Structures are given as structure tokens and as C-alpha cells.
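> this is a predicted model, with the sequence first.
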Amino acid sequence: MGLPDAVTSMDTTGRHATAPDGARIGFDVEGDGEPLVLLAGQANSRHWWDPVRDDFSAAYTTIAIDTLGTGTSDTGEHAEWGTRRFARDVVAVLDELGIARAHVYGTSMGGRVAQWVAADAPDRVGALVLGCTTGGGAGAVPADPDVLRPLAGDPDGARRTLMDLMAGPHFQWSHPASLSSVLGDDTMTPRARREHRRASERHDAWDVLPDVTAPTLVLHGTADAFAPPGNGRLLADRIPGATLHLFEGARHAYFLERRADASAVVQDFLAAHPLCGDPRR
């Protein structure tokens, strides 16, 4: 299945799309095959995906996006913020690339954004994968405040807490480089960090989830204290026909801790739901 030359050529240096409000949204393209959008977690750039991206770029044209305020995207100093807005930015990237439909894989806040892409632009989404995330609103299972409180403390303690929330001690010791990719984008402005946190906290797609038509896979670690696993169960129950896959003992970054299994589950799911027709516009 062919894609425009601008999409199939590897582009690790990055490009930009223009959002409806004029903000520049950074992204890059790797691989070959059906398009697969990768959406990162809160306060992280597209480098969130670096440790596992090769698992997908061998079979898919992966499009990793810098959410507004991260990476090479605009800082958003005068922008609207929110997961629904970030979803419109995803559509702007697909428009820039001339892609009519793509698979979408979002984790953490990226999973919140992916829900809105599927709800607001259903014709643009093939298969949908939602990892370590929540539907928000009435479908949110909040984290224990005592677990999150250290994140607002001194930087060293906050980083230590974040590492523990992301992965267990063995993974932290054995894969420090991989773990560092999900600990935040140091180039963000203080305002962008605040707005990302608020966007995650205020996310509420609960009422529209029953209208999602994309084949959906929900993934979650059973030891996720950041986004408790009850969120995954509620999401899978709320989205018609969704499949839930739990990774026993995995924390928030299940896709790193259980990389082989998690990537294989996603690959099998995408292969079972190929895009119908030509993904070009």
C-alpha cells in the first residue's frame, strides 16, 4: 500500500504542521507501511517513543508528534490548551502529510489525546491503542494523593518518585537510558509544564467513548500507581468491542518494562485491523 513520497522517506530530523490556531507542531517520520501515529505522555516530547519505536517502524510508517509545548513544537505561550485541542493538532499533522487515515497509539496523556482523535475525527482513525490512560470524568480512578505528593517537592525527590512510578527497581538499574526517555522534556517552559498537567487532570472524554467506532485495544500494567489499572478496565468496558490486555506487575511505563510482550500485542492487534483502502488523501 503506497504512501506519498514525503511520508515514506525516513525523516528523523523533524518537520512541522500548522495547527488551526497557527501554532507549529513538530513531528518526524520513520519506517514504511501503513501510518501509525505515536502520542507521548504528559510533559514529554516524541522522544518518549525512542526505546521502542524500532519495534513498529519495521512494519509501519511511524509518525511521532511533539505535543504543543514540547520538543520542536511551539511553546504555546498564547495558545489554548487541553487534550481535545492536542487531538486537533494530530489531525493537522495528518493533513500536512496527506494521510486520510492512520492507526493511533497513545500512552498516558497521549492516550487521552487519542480518545479525542477517535471521537472527533473517526474517519481519520484505523485501529486505536490506548495505554496506561483514563477516560476521565466519571470513568477516572484517581491515583492515591500520597503517591503523587512527592512530585511537587524538590526536583531530586520528584525525579526519584517519577522513576519509581514508571518502572520497578530492576528495570531502573538495567535500563537507565530507556527510562530517561519518559521522565520529561527539559526544554519545556514552566507554563507549558503547568498546562500539560492541567490538560491531563481536566481530561473528560467519558461521555463520547461509547461513540468510538475504531477497533480498540486497551493496555495497562497491574502495578500502575500513577494511573491505577481500574482506569484500563473502565475504558475497555466503555468503548464498544474494546479488548483489554493487562501486564502483570508492570508499572506506568509497561511498554518499556514489558517491551517484548507489549510491542508484540500491539503489532498483532494492528495486523488484525489493517486500514481499508489507500491511506492517502
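Received, thanks.

> for the helix or strand in which Ala260 is found, give the mean pLDDT please.
Assigning secondary structure by DSSP states H and E places Ala260 in helix 259-272. For helix 259-272, mean pLDDT rounds to 98.

> which strands and helices sit next to it?
helix 54-57, strand 125-131, strand 216-221, strand 243-247, helix 254-257 (3 or more Cβ pairs under 8 Å, 6 or more residues apart in numbering; DSSP states H and E). Backbone N, C-alpha and C define where each C-beta goes, glycine included.

> out of the ones you listed, the one nearest Pro155 is which?
helix 254-257 (22.2 Å; Cβ to Cβ).

> can you give me the strands in this structure?
Ranges of strands in the chain, per DSSP state E, are 11-18, 24-31, 34-39, 60-65, 102-107, 125-131, 216-221, 243-247.

> please identify the deepest-packed of these.
Of all those, strand 102-107 carries the top mean neighbour count, a mean of 28, counting by mean count of other Cβ atoms under 10 Å.

> what angle do that strand and strand 34-39 make?
30 degrees (axes from the mean of the first three to the mean of the last three Cα atoms, to 10 degrees).

> relative to Thr72, how far out is Glu96?
Remark: distance between Glu96 and Thr72 (Cβ to Cβ, to the nearest Å) = 14 Å.

> quick revisit: the helix holding Ala260: which residues count as buried?
When burial is assessed from 16 or more other Cβ atoms under 10 Å, helix 259-272 yields the following buried residues: 259, 262-263, 265-266, 269-270.

> residues in contact with it?
With Cβ atoms under 8 Å, 6 or more residues apart in numbering as the test, helix 259-272 has contacts from 34, 36, 51-52, 55-56, 59-60, 103, 105, 127, 129, 131, 215, 217, 219, 243, 245, 247, 254-255.

> so what's the nearest residue to Ala102 once chain neighbours are set aside bridging to?
Leaving aside its sequence neighbours, Ala102 sits nearest to Pro35 (Cβ to Cβ, 6 or more residues apart in numbering; 3.8 Å). As for beta bridges, Pro35 partners with Thr61 under DSSP bridges.
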